[in-house]
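In: Take this sequence and fold it.
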Amino acid sequence: MRVLVDQFLDFVLLEKGLSENTRNAYRSDLIRFTDFLRQSGIRSLNDVKRDDVATYLMSEKDRALSSRSLARNLVSIKIFFKYLEQEGLLQGNVTEVMDSPRLWKMLPDTLTPDEVDRLLAAPDQKSTLGRRDAAILETFYAAGLRVSELCGLQLGDLDIDMGYVRCTGKGKKERIVPIGKQAIRSITAYANEVRPSLVRDESIRSLFLTRLGAGFSRKGMWKLIKQYSHAAAISKNVTPHTLRHSFASHLLAHGAPLRVIQEMLGHADIATTQQYTHVDSTRLKSVHGKFHPRA
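Out: Predicted coordinates for the structure are as follows:
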């Protein structure tokens, strides 16, 4: 994919006569995009779907990119894909019908409760790393954390007795997020019985450790999620962002107030929370039937 990006950048510079600044902007956008695809397990641009583009842009929005920067990212991707299509290097241009107003209504796949159960059950609980991975997946779904927040969890951020984790989000803002009984059991078992065997350096206080005793990187977490989504036979494009989105959507579907979900997700603006969550048609119909006078 990097070779195709370089070909495109040469094209816009030499044949289109665009400025070096414009070329550099395209380069920055497309390198981040293709890095995201690789981390998601996508090796060919012919395998990219619209949901993959939407997931990438929503993850960039979660990284506090402005609406203008997000729009520029989409333009860069659309122009890149159009070039590849014209050159016969792309079988189908999935970005052709995407535009900014419609894009923000396109959300990444959400897992059903059954798919979540399968994903959480995928690690082998008889193995050391399997028990660790089970605790990681339980924490992701129980707290709806960003991948950077989960990687940053320290031992002191966990309060088993009170049933919550403390995480540091955007702008170094701390928040307290409750976790359920199942997650508490899984994390407790990991912290007491598994983590000590992974420790190589006592100064490393990361809650979740790799087999080499280091804290997890974002890329490592992405690979872990991909591994278990495949093991659980989930056909959707599952990322850490998918679990965060599922966390919020399932809370909303079971009646949690949007303001409470906003606080748990660490969103400064309620509008951001609304873009993460959606209500299924079944619940909408039940609410309408319960409250509308002529239902």
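
In: In terms of secondary structure, what does the helix or strand I184 falls within contact?
Out: Assigned by DSSP states H and E, I184 falls within helix 181-189. Helices and strands touching helix 181-189, as assessed by 3 or more C-beta pairs under 8 Å, 6 or more residues apart in numbering; DSSP states H and E, comprise helix 128-143. (C-beta placed from N, C-alpha, C; glycine too.)

In: how about 10 Å then?
Out: Here helix 181-189 touches helix 113-121, helix 128-143, strand 158-159, strand 164-168, going by 3 or more C-beta pairs under 10 Å, 6 or more residues apart in numbering; DSSP states H and E.

In: who wins for proximity to L265 among these?
Out: Nearest to L265 among the helices and strands packed on helix 181-189 is helix 128-143; the distance by C-beta to C-beta comes to 9.7 Å.

In: The closest one - what's its average pLDDT?
Out: Averaging pLDDT along helix 128-143 yields 94.

In: show me where pLDDT drops low in the stretch 1-150 of the chain?
Out: When residues are selected by pLDDT under 70, those of the stretch 1-150 of the chain lie in 14-17, 64, 97, 99-109.

In: need the helices for it, in chain order.
Out: Along the stretch 1-150 of the chain, counting by DSSP state H, counting those that start in this stretch, helices occupy 2-14, 20-39, 50-62, 67-86, 100-103, 113-121, 128-143, 147-151.

In: Can you lay out those helices as a markdown table showing distance to I184?
Out: Listed next are these as a markdown table, based on distance: least, C-beta to C-beta, whole Å:
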| stretch | distance to I184 |
| --- | --- |
| helix 2-14 | 43 |
| helix 20-39 | 30 |
| helix 50-62 | 26 |
| helix 67-86 | 37 |
| helix 100-103 | 38 |
| helix 113-121 | 14 |
| helix 128-143 | 8 |
| helix 147-151 | 16 |
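
In: For R259, find the nearest of these.
Out: Closest to R259 of the helices of the stretch 1-150 of the chain is helix 128-143 (C-beta to C-beta; 17.6 Å).

In: in that closest one, what's buried?
Out: 131-143 (16 or more other C-beta atoms under 10 Å).

In: coming back round to it: list just the one of the helices of the stretch 1-150 of the chain that sits closest to P196.
Out: helix 128-143 (10.6 Å).
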